[in-house]
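**Student:** coords below, sequence missing:
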């Protein structure tokens with residue numbers, strides 16, 4: 001729909017086809033108020049239809065003003081780790097769920113805050129952003145698969161007040177690589193001047209109730225590794241005032257990790273829903289609500305969010321260097337190689353210039 005709308009804008013203003021589509025942004029805004037999601041990132045084209053999304057959000061702002069303050073919660077993770085299911089359980093929404101790559105791009109959904117708790121949040125709506133799974137096998141064969149994942153992750157983390165990093169134990173390394181690139185990109189992009197997003201790590205399919213205590217060393221090791229990568233990225237960008245991961249993103253190892261049991265007791269389709277999953281998600285939800293209440297003073301209105309989205313997307317599109325790497329170590333190795341190669345090239349040219357000068361002198 002967004003592509004059709006943007007294509008119609010190239011027609012003359014008097015064209016009947018263009019006039020027939022002018023009501024679409026308002027219609028979509030009304031659907032958002034009824035609980036339908038809006039496609040923020042086109043999953044097929046890996047692009048934000050800026051004019052379409054801007055017009056829809058402008059119409060949404062006109063419908064709800066002056067009660068237009070929003071806070072943003074995003075979920076991010078590798079494919080098939082239960083991101084959409086987590087949001088559906090936590091907020092009672094209905095994002096599409098299935099095995100494989102069921103979500104493409106990113107979808108944003110509006111949740112209205114009740115009047116009786118609005119003063120605690122200092123906002124009128126909560127925006128939930130569900131993203132497609134990273135490291136998709138479908139995209140792994142493409143040359144620019146790293147760029148696709150890194151761009152999407154940087155965009156949605158930059159837009160959010162809270163980012164839920166959904167991790168299954170077998171793919172924690174892949175998520176760590178992506179987080180390094182996100183941090184590195186934030187250091188490179190001057191436009192990113194927003195309040196630090198808060199990270200909450202959710203470890204799925206962990207049945208041991210004592211996992212939180214037993215994995216304290218692992219959490220500290222993860223933070224140590226992220227700190228080292230942040231230092232390396234800051235050194236590369238000559239911004240050495242950033243010495244730790246928490247200088248870029250808000251994260252505490254003791255309160256920023258959640259261990260959640262599997263959704264099913266047994267094997268579907270005959271398996272029953274695991275009550276432990278719902279209870280753990282409920283505790284996570286209470287913590288997220290508490291964090292949102294503490295950052296309510298930073299809530300943007302819908303138009304401010306729109307402008308921030310446009311500037312961030314522009315920055316992401318123009319950042320074509322760091323996104324092409326798997327992680328910061330690879331980027332650092334590439335920079336070192338380029339520096340060494342440039343020195344070799346300069347030394348070679350200098351030697352050749354000296355040799356040619358002497359040869360010409362002997363010839364004359």
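**Tutor:** Yep, that arrived. As the structure is a computational prediction, the values presented were derived from the model and not from experiment.
**Student:** when you work out contacts or count neighbours from here on, use the C-alpha atoms and nothing else.
**Tutor:** Noted.
**Student:** could you chop this protein up by domain?
**Tutor:** 35-326, 329-364 (automatic domain parsing).
**Student:** turn those into TSV, columns for mean neighbour count, distance to residue 18 and mean pLDDT.
**Tutor:** TSV is the format used below for those (neighbours: other C-alpha atoms under 10 Å; distance: least, C-alpha to C-alpha, whole Å; pLDDT from 0 to 100):
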stretch	mean neighbour count	distance to residue 18	mean pLDDT
domain 35-326	18	13	78
domain 329-364	12	46	78
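**Student:** could you dump these into TSV and include distance to residue 3?
**Tutor:** Shown next, in TSV, are those (distance: least, C-alpha to C-alpha, whole Å):
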stretch	distance to residue 3
domain 35-326	7
domain 329-364	35
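**Student:** looking at these, spot the one closest to residue 23.
**Tutor:** domain 35-326 (10.0 Å; C-alpha to C-alpha).
**Student:** what's the offset of the closest one from the middle of its chain?
**Tutor:** 5 Å (C-alpha atoms, centre = their mean, to the nearest Å).
**Student:** could you point out the longest helix of the protein?
**Tutor:** helix 328-363 (DSSP state H).
**Student:** helices and strands around that one, which ones?
**Tutor:** helix 172-188, helix 216-236 (3 or more C-alpha pairs under 8 Å, 6 or more residues apart in numbering; DSSP states H and E).
**Student:** hang on, the earlier thing: residue 4: which of the domains of the chain is closest?
**Tutor:** domain 35-326 (9.3 Å).
**Student:** tell me where this structure has strands.
**Tutor:** 38-42, 69-77, 105-112, 125-131, 162-168, 198-204, 257-259, 264-265, 272-273, 300-301 (DSSP state E).
**Student:** ok, back up a step: redo the helices and strands packed on helix 328-363 as JSON lines? Include distance to residue 161.
**Tutor:** Below are the helices and strands packed on helix 328-363 laid out as JSON lines (distance: least, C-alpha to C-alpha, whole Å):
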{"stretch": "helix 172-188", "distance to residue 161": "15"}
{"stretch": "helix 216-236", "distance to residue 161": "20"}
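**Student:** of all these, which one is nearest residue 118?
**Tutor:** Comparing these by C-alpha to C-alpha, helix 172-188 comes nearest, at 31.3 Å.
**Student:** out of the helices and strands packed on helix 328-363, which gets nearest to residue 205?
**Tutor:** Of those, nearest to residue 205 by C-alpha to C-alpha is helix 172-188, at 12.9 Å.
**Student:** not counting its neighbours along the chain, what's nearest residue 94?
**Tutor:** Spatial nearest neighbour of residue 94, excluding adjacent residues (C-alpha to C-alpha, 6 or more residues apart in numbering): residue 88 at 5.6 Å.
**Student:** related to what we said a few turns ago, could I get the strands of the chain as JSON lines with distance to residue 279?
**Tutor:** Shown next, in JSON lines, are the strands of the chain (distance: least, C-alpha to C-alpha, whole Å):
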{"stretch": "strand 38-42", "distance to residue 279": "29"}
{"stretch": "strand 69-77", "distance to residue 279": "19"}
{"stretch": "strand 105-112", "distance to residue 279": "21"}
{"stretch": "strand 125-131", "distance to residue 279": "21"}
{"stretch": "strand 162-168", "distance to residue 279": "17"}
{"stretch": "strand 198-204", "distance to residue 279": "13"}
{"stretch": "strand 257-259", "distance to residue 279": "11"}
{"stretch": "strand 264-265", "distance to residue 279": "13"}
{"stretch": "strand 272-273", "distance to residue 279": "11"}
{"stretch": "strand 300-301", "distance to residue 279": "31"}
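**Student:** so the longest helix of the chain versus helix 216-236, what angle?
**Tutor:** 30 degrees (axes from the mean of the first three to the mean of the last three C-alpha atoms, to 10 degrees).
**Student:** look up how far residue 251 lies from residue 197.
**Tutor:** According to C-alpha to C-alpha, to the nearest Å, residue 197 stands 9 Å off from residue 251.
**Student:** same question, residue 165
**Tutor:** 11 Å.
**Student:** spit out the residues that contact these two alike.
**Tutor:** 199, 200 (C-alpha atoms under 8 Å, 6 or more residues apart in numbering).
**Student:** what's the neighbour count on residue 11?
**Tutor:** 13 (other C-alpha atoms under 10 Å).
**Student:** same check on the one 5 residues further on?
**Tutor:** Residue 16: 10 surrounding residues under other C-alpha under 10 Å.
**Student:** could you check the pLDDT of it?
**Tutor:** pLDDT recorded at residue 16 is 84.
**Student:** now residue 31
**Tutor:** Looking at residue 31, the pLDDT reads 92.
**Student:** quick one: it and residue 238, what's the gap?
**Tutor:** For residue 31, the distance to residue 238 - C-alpha to C-alpha - is 46 Å.
**Student:** how about residue 30: what's its closest non-neighbour residue?
**Tutor:** Nearest non-adjacent residue to residue 30 (C-alpha to C-alpha, 6+ apart): residue 60, at 7.3 Å.
**Student:** what's the spacing between the one you found and residue 187?
**Tutor:** 32 Å.
**Student:** could you do residue 116 as well?
**Tutor:** Taking C-alpha to C-alpha, one finds residue 116 at 40 Å from residue 187.
**Student:** for beta bridges, what are the partners of residue 75?
**Tutor:** Per DSSP bridges, the residues bridged to residue 75 are residue 130, residue 164.
**Student:** surely it is in contact with residue 127?
**Tutor:** No. At 11.4 Å, residue 75 does not count as touching residue 127 under the criterion of C-alpha atoms under 8 Å.
**Student:** what is residue 126 paired to in the beta sheet?
**Tutor:** Beta-bridge partners, per DSSP bridges, of residue 126: residue 71, residue 111.
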